[in-house]
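Q: Would you be able to build a 3D model of this:
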Amino acid sequence: MIIRQVPVEGIITTNAYFYIDEVTKHGFLLDAGAEAEKLLQIVADNHWTIEKILLTHGHFDHIGAVAKISSILKIPYFAHKQSRKYLSDPQYNLSEYFGSPIILNNFQPLDDNAVTSLEVNSDIKLQLMHTPGHTQDSSIFYDTANHLAFVGDTIFKNSRGRTDIPGGNDTQLLQNITNKILTLPDDTILYSGHTEPTTVKAEKRHYVL
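A: Have a look, this model is predicted:
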């Protein structure tokens, strides 16, 4: 597998991720937060085919480039079913407060534990695990075979997502981190929205389990 972390510069620097099957060169784009042209150029330069955009949650810094990329590549975008409120409401996705309201109405909703696979190779798949607390739609995308997860803003290296925003709940976030993320295998690599990668084992030291 090819995993490429791409910091995209908007009002907040956010990590977008390409998750690519190195055999077929098909894959997913996760959290296309900004700089659509930059992300599209990477796709073109590498001759990749992006089949789907996956969103860990509906905040503006994770969705800002989705509409343009989805339109140009003619691909769908997916998020947890509770993302509808965030994607369609600029107050909830916080874009209204930065002068460029974002409204996305055409997402494909996913249930908790839904598995999303590549069309050309169904062995390449990610399982959505709903982990509300940072937002009510927050989720991670977990690769059970390769022990890695794209965790958005649920957990960071040495930290966790903020909860003083619409839909935030610190108790709920801590419960989901301890019960859903830190129960994954210790060697699971965690790719977050705003820090360098970490592991389940490394993050366990910050929590009482």
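Q: just checking, what's the longest helix in this protein?
A: helix 36-46 (DSSP state H).
Q: and it, what other elements does it pack with?
A: Applying 3 or more CB pairs under 8 Å, 6 or more residues apart in numbering; DSSP states H and E, we find helix 36-46 packed against strand 2-9, strand 13-20, helix 66-73. From N, CA and C alone the C-beta is placed, and that goes for glycine too.
Q: orientation of the following helix or strand past it relative to helix 36-46 in degrees?
A: Downstream of helix 36-46, the first helix or strand assigned by DSSP states H and E is strand 49-54. Interaxial angle of strand 49-54 relative to helix 36-46 (axes from the mean of the first three to the mean of the last three CA atoms, to 10 degrees): 140 degrees.
Q: May I have the strands that pair with strand 49-54, each with its orientation?
A: Sheet pairing of strand 49-54 (DSSP bridges) gives strand 26-30 (parallel), strand 77-80 (parallel).
Q: The helix or strand that comes right after it: how far from the chain's middle?
A: Note on strand 49-54: by DSSP H and E, the next helix or strand toward the C-terminus is helix 60-63. With CA atoms, centre = their mean, to the nearest Å as the basis, helix 60-63 stands 10 Å off its chain's centre.
Q: Quick one: mean pLDDT over helix 60-63.
A: Averaging pLDDT along helix 60-63 gives 98.
Q: In it, which residues are buried?
A: For helix 60-63, the neighbour count (16 or more other CB atoms under 10 Å) marks 60, 61, 62, 63 as buried.
Q: C-alpha coordinates for that helix, CSV please?
A: Taking Å, rounded to 0.1, in the frame of the first residue of the first chain, the C-alpha atoms of helix 60-63 are listed here in CSV:
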residue,chain,number,x,y,z
PHE,A,60,-14.4,23.1,7.1
ASP,A,61,-10.7,22.3,7.3
HIS,A,62,-11.4,18.7,6.3
ILE,A,63,-13.9,19.3,3.5
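Q: beta partners of the residue lying closest to residue 139 once chain neighbours are set aside?
A: On the basis of CB to CB, 6 or more residues apart in numbering, the spatially nearest residue to residue 139 that is not a chain neighbour turns out to be residue 80, at 4.6 Å. Per DSSP bridges, the residues bridged to residue 80 are residue 110.
Q: Double-check residue 80 against residue 109; I have them as touching.
A: Yes: counting by CB atoms under 8 Å, residue 80 does reach residue 109; the two are 7.1 Å apart.
Q: Could you check which of those two has the larger neighbour count?
A: residue 80 (27 against 14; other CB atoms under 10 Å).
Q: Quick check: the more buried one vs residue 164, distance?
A: 21 Å (CB to CB, to the nearest Å).
Q: gap between the two ends of stretch 88-101?
A: Using CA to CA, to the nearest Å, one end of stretch 88-101 lies 10 Å from the other.
Q: what's the offset of it from the middle of its chain?
A: Per CA atoms, centre = their mean, the centroid offset for stretch 88-101 relative to its chain is 18 Å.
Q: Report the mean per-residue pLDDT for that stretch.
A: pLDDT averaged over stretch 88-101 gives 94.
Q: Residue 202: what's it in contact with?
A: residue 157 (CB atoms under 8 Å, 6 or more residues apart in numbering).
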